[in-house]
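Engineer: Sequence isn't available, so here's the structure alone:
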């Protein structure tokens, strides 16, 4: 089995895309047409939610599968619907494997705990669910990160510098020599990333931090949330986030794609939004002389 | 509805106990008798695990319900068994509510994410599951903590200083003025704890850090893992962890109680272990002049 980095690269090349779709479903934000379609007098509220989420995700995946390298469901939104929500996530994963077989599936779960608990989470994420990668919270220290990497080729993407306004509260604190906590972390992770199964999360709203992390981890995948709704700059994200070949950045957009329209045309609108994001990224790659090679599709 | 701190205090007074039982179930470590009992040719592996976990937890709760103030399942161990594991957790919660109605239920999930995602996690933990409190990972900054507190009286217990060997990698880094990151965090949380719905996790293996956190958060609940298998000192944990009344510490033991025996007497052995831990804690409280009042049971 290939490493996460290799699977990601293959997915990007197959679709000529660094776009990741954040499948952060919320029935309250889903088009009324999907909710109506899922209504059925014989089933209860949460099972109706399950049906609506499966239908919505299926339509989004069908509309975007050839345009994106990754899907990233945030598990919180599925947990909020109880066990029916997790069943909907399971059905979504199955559908992605069928309809977009190149795509990697990153579960945004930001899990983190001490040794034997991490082993249980790794079993859950890689063996039970079969995700390609999971986002990991490093707060517990290096001995909470290493056990994740002892489980075959499941990838972890460590939350290094967030996209939210408060991300700097702990992550940007300056330690003794003046280095910031997130940079201390990135340097600690650099060696571990050599196996191809460790990446980092750095928010698009923090372009300087993104460039700094890329310098110390030149080859690792970097997941970049925060373009779109959160206001991160796309061009800077590409320029600062890609590796020297113009690859290994995963540019995530959630609401900007999946809720591009609240009408019955939501899937078409998602396709237009994903395509536009891919084009914008690829324009920047071209301007850097790092566009997709003609031998690639 | 009362605050988490009030519910915790009532639970401690009803049982004269600061003991929390960590329900970190792992079928590989469960007594053979429980696994045999759950075997049934008509059902598959994970459903057998579900049945075994429910039976095991039921016996542990029945044997310890009058001796402890809290139960703390770590959700990772249930997620590792897939959806059947989560059904087993649900059945366990129901049984605790029936058999140990005084106890608070803390889900050890160490969740943390940005604003709208935290809202989804809060819905999951407080509304879907109905837990009394959830452990929270603060790495994302203060704006990832505050949304948890806007949801009625669900408690959060913030992972401040861990019990694991690597906990200090980020948490103990010294920032500008010489203060360590975990203390910066504890001071930031002090005001938020005033509402009675915010506590902190500090490992028993870090007694000095425990005392320091207690000084800046004099009234907040402190969850103290790491006595027993991880080697934390019990007497120091009590002395450094309780508030000025000798309350508001939650001393967790997992493996030391639930796996006290691997024989058919596992529930009785769990009772003996829980009782011994309660007695050890209460001896220390008595020596501090902070024992349970005679008017209490």
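Structural biologist: Thanks, I have the structure now. No experiment lies behind these values; they were computed from the predicted model shown. Numbers count the residues shown, from 1 in each chain, chains lettered A, B, ... in the order given.

Engineer: what bits of the stretch 151-297 of chain A have low per-residue confidence?
Structural biologist: Scanning the stretch 151-297 of chain A for pLDDT under 70 picks out the ranges A:295-297.

Engineer: correction: the stretch 1-150 of chain A
Structural biologist: Filtered on pLDDT under 70, the stretch 1-150 of chain A yields the residue ranges A:41.

Engineer: Repeat the analysis, applying 50 as the threshold.
Structural biologist: Low-confidence segments of the stretch 1-150 of chain A, defined by pLDDT under 50: none present.

Engineer: tally of neighbours for residue A:246?
Structural biologist: Here the number of neighbours of residue A:246 (other C-beta atoms under 10 Å in any protein chain shown) works out to 21. (Glycine included, C-beta is placed from N, CA and C.)

Engineer: Quickly note the distance from it to residue A:11.
Structural biologist: Computed as C-beta to C-beta, to the nearest Å, the residue A:246 to residue A:11 distance reads 15 Å.

Engineer: how about the strands in the stretch 151-297 of chain A?
Structural biologist: Per DSSP state E, counting those that start in this stretch, the stretch 151-297 of chain A carries strands over the ranges A:155-161, A:198-202, A:222-224, A:249-253.

Engineer: between those strands, which one is nearest to residue B:215?
Structural biologist: Comparison of the strands of the stretch 151-297 of chain A against residue B:215 by C-beta to C-beta identifies strand A:155-161 as nearest, at 29.8 Å.

Engineer: quick one, that closest one and strand A:198-202 angle?
Structural biologist: An angle of 30 degrees separates the directions of strand A:155-161 and strand A:198-202 when computed by axes from the mean of the first three to the mean of the last three C-alpha atoms, to 10 degrees.

Engineer: Output the contacting helices and strands for strand A:155-161.
Structural biologist: Contacts of strand A:155-161 with other secondary structure elements, assessed using 3 or more C-beta pairs under 8 Å, 6 or more residues apart in numbering or on different chains; DSSP states H and E, are made with helix A:4-15, strand A:104-111, strand A:133-136, helix A:181-190, strand A:198-202, helix A:207-216.

Engineer: As TSV, these with distance to residue A:142 and mean neighbour count would be great.
Structural biologist: Supplementary listing: the helices and strands packed on strand A:155-161 in TSV, determined by distance: least, C-beta to C-beta, whole Å; neighbours: other C-beta atoms under 10 Å in any protein chain shown:
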stretch	distance to residue A:142	mean neighbour count
helix A:4-15	19	21
strand A:104-111	16	26
strand A:133-136	12	26
helix A:181-190	6	21
strand A:198-202	12	29
helix A:207-216	15	19
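
Engineer: Can you lay out the ones you listed as a markdown table showing distance to chain B?
Structural biologist: Supplementary listing: the helices and strands packed on strand A:155-161 in a markdown table, determined by distance: least, C-beta to the nearest C-beta, whole Å:
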| stretch | distance to chain B |
| --- | --- |
| helix A:4-15 | 20 |
| strand A:104-111 | 5 |
| strand A:133-136 | 9 |
| helix A:181-190 | 6 |
| strand A:198-202 | 11 |
| helix A:207-216 | 14 |
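
Engineer: Residue A:104 versus the residue most central in space within chain A, what's the distance?
Structural biologist: In chain A, the C-alpha nearest the mean C-alpha coordinate belongs to residue A:72, at 4.0 Å (C-alpha atoms, centre = their mean). Residue A:72 sits 9 Å away from residue A:104 when distances are taken as C-beta to C-beta.

Engineer: does stretch A:26-44 come close to chain B?
Structural biologist: Yes: figure legend: stretch A:26-44 in contact with chain B (C-beta under 8 Å from any C-beta of the partner chain); contacting residues residue A:26.

Engineer: Quick check: buried residues in that stretch?
Structural biologist: By neighbour count with 16 or more other C-beta atoms under 10 Å in any protein chain shown, stretch A:26-44 contains the buried residues A:26, A:27, A:30, A:31, A:34, A:35, A:38.

Engineer: among the strands of the stretch 151-297 of chain A, which is nearest residue B:3?
Structural biologist: Nearest to residue B:3 among these is strand A:155-161 (30.1 Å), distances taken as C-beta to C-beta.

Engineer: partners of the closest one, with directions?
Structural biologist: Partner strands and pairing direction for strand A:155-161 (DSSP bridges) are strand A:133-136 (parallel), strand A:198-202 (parallel).

Engineer: What are the boundaries of the strands in the stretch 1-150 of chain A?
Structural biologist: Per DSSP E, counting those that start in this stretch, the stretch 1-150 of chain A carries strands over the ranges A:19-22, A:70-72, A:104-111, A:133-136.

Engineer: Of all the strands paired with strand A:155-161, which one is nearest residue B:240?
Structural biologist: For those, distance to residue B:240 was read as C-beta to C-beta. The smallest value, 30.6 Å, belongs to strand A:133-136.

Engineer: In contact with the residue nearest to residue A:164 when sequence neighbours are not counted, which residues?
Structural biologist: If the residues on either side of it in the chain are set aside, residue A:164 comes closest to residue B:114, at 4.2 Å by C-beta to C-beta, 6 or more residues apart in numbering or on different chains. By C-beta atoms under 8 Å, 6 or more residues apart in numbering or on different chains, the contact set of residue B:114 is A:162, A:163, A:164, B:140, B:143, B:144.

Engineer: thinking the second one is in contact with residue A:226, fair?
Structural biologist: Just to be clear, that refers to residue A:163. Yes: the pair residue A:163 and residue A:226 qualifies as a contact (C-beta atoms under 8 Å) at a distance of 3.2 Å.

Engineer: Name the residues contacting each of the two.
Structural biologist: Counting by C-beta under 8 Å, 6+ apart, the residues touching both residue A:163 and residue A:226 are A:203, A:204, A:205, A:232.

Engineer: returning to what we had before: export the strands paired with strand A:155-161 as CSV, with columns for distance to residue A:184.
Structural biologist: As requested, the strands paired with strand A:155-161 are arranged in CSV below (distance: least, C-beta to C-beta, whole Å):
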stretch, distance to residue A:184
strand A:133-136, 17
strand A:198-202, 13
